[in-house]
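In: Following is a predicted model, sequence given first.
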Amino acid sequence: MSRYQLYGGGGSPYSQKMRGILHYRRLPFDWIQITPAIRAQILHDGPPVIPILRLPEDNSLHVDSTPLALMLEARHTERSIIPTHPAMAFLSYLVEDMADEWVTKMMFHYRWDLEIDQEYSSRQIISDNTPGLRGAALAKAAQAIRDRQVGRMPLVGCTPQNKPIIEQSFHELLTILDSFATRDEYLFGTRPALADFGLFGQLKTLASDHTPMLIMRSEVPSVYDWVRRLEDSSGIDGEWHSFAEMRPALLDMLRFCATYYLPLLSANHYAVANGEPMVSLTLADRTYEQPTFKYQAKCFTRLKSLWVEADTPELRDVLSATGCLSYLQ
């Protein structure tokens, strides 16, 4: 078959997520590091985000990592990343959504909170995205993106008030992963699922940025290595766990979703529906506030719809025991 083309950035968690999926599924593709010049050549009707996937048969361009992953599922049956058990598939969708929308706050916080990370990350991004820049020109461009991204921190909830919650959840997530992470072990079996790749995309960038990289290397080297290996898992041939074989770590991950992510989704959905500009709630016994997000309201609606399709007594029991069910009903 002809080759896909994936346009993205090394510092983009969603680009890393899609590149990992394409590698695992053994789909031929070209990785194209996006630059301002390349972006100007590939204008399309969708939002100006990365990654961008070009289809081989008609050169059409598509964005948004979750729809892209599901598009590949519809196009290719081999080496699926959706567990075959419908209940496990739903849990994978839930964890992947949490990674995309909550773990990304950890990524954004650590990247732009401390001066040492601001300096490293801004230079890395500009060095990747704008080839040929050196010296004063590179420093000037890096400062510009640094100022822009630091200014955006409150928009995504990365504020001094929310810092303890975000950092606490980062360490809790690492502890959950550390409880099982070893060679060729994943959340839903001995092969990676969509949820694993959602987590991988965010953790790959965290494992590359200065402060979180040091945390991961020193406190949970098994997780650091797990992320490193998942970058290219094309050599993995594993099996899905049955529902009865569910990892204790997956139950912990669902409790994590019920502590941090699902309450935020629910409160945000209510705030958006009522035209409120801010969402405020208690997460892990702390007050959390951020501007409302219409996209996350869509995420909540999608999860509730997927839950209706997957609803079974055994799944209901697991979601109830982990605190997730009340948010999804």
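Out: Looks like it came in fine. These numbers come from a predicted model, not from an experiment.
In: Please, where are all the strands along the stretch 201-329 of the chain?
Out: Per DSSP state E, counting those that start in this stretch, the stretch 201-329 of the chain carries strands over the ranges 278-283, 286-291.
In: Sheet-wise, list the partners of the last one with their directions.
Out: The reference is to strand 286-291. Take DSSP bridges as the rule and strand 286-291 pairs in its sheet with strand 278-283 (antiparallel).
In: got the domain boundaries for the chain?
Out: As given by automatic domain parsing, the domain ranges for the chain are 4-75, 86-110+158-328, 114-156.
In: Residue 192: what secondary structure?
Out: Classification of residue 192 using DSSP: H, G, I helix; E, B strand; the rest coil returns coil.
In: Please report how far it lies from residue 145.
Out: From residue 192 across to residue 145, the span is 32 Å (Cβ to Cβ, to the nearest Å). From N, CA and C alone the C-beta is placed, and that goes for glycine too.
In: Would you mind putting the domains of the chain into TSV with mean neighbour count and mean pLDDT alongside?
Out: As requested, the domains of the chain are exported to TSV (neighbours: other Cβ atoms under 10 Å; pLDDT from 0 to 100):
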stretch	mean neighbour count	mean pLDDT
domain 4-75	17	94
domain 86-110+158-328	19	97
domain 114-156	15	93
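In: Would you tell me which of the strands of the stretch 201-329 of the chain gets closest to residue 126?
Out: strand 286-291 (27.1 Å; Cβ to Cβ).
In: Which of the three states applies to residue 59?
Out: From three-state DSSP, the assignment for residue 59 is coil.
In: What separation do you get for it and residue 287?
Out: The value you get for residue 59 to residue 287, if Cβ to Cβ is used, is 49 Å.
In: what's the answer for residue 166, then?
Out: Counting by Cβ to Cβ, the gap from residue 166 to residue 287 is 13 Å.
In: and if you look at residue 70?
Out: With Cβ to Cβ as the criterion, residue 70 and residue 287 are 36 Å apart.
In: Likewise for residue 169?
Out: 15 Å.
In: With residue 100 instead?
Out: Distance from residue 100 to residue 287, by Cβ to Cβ: 24 Å.
In: Which residues are in contact with the closest residue to residue 153 other than its chain neighbours?
Out: In this structure, residue 153 finds its nearest non-sequential neighbour in residue 112, 5.7 Å apart by Cβ to Cβ, 6 or more residues apart in numbering. Shown in contact with residue 112 (Cβ atoms under 8 Å, 6 or more residues apart in numbering): 118, 121, 146, 149, 150, 153, 158.
In: Among those residues, which one lies nearest to residue 131?
Out: residue 121 (17.9 Å).
In: one step back: can you add distance to residue 299 and give the strands of the stretch 201-329 of the chain back as CSV?
Out: Converted to CSV, those look like this (distance: least, Cβ to Cβ, whole Å):
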stretch, distance to residue 299
strand 278-283, 14
strand 286-291, 14
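In: So which of those is nearest residue 316?
Out: Judged by Cβ to Cβ, the one of the strands of the stretch 201-329 of the chain that comes nearest to residue 316 is strand 278-283, at 24.3 Å.
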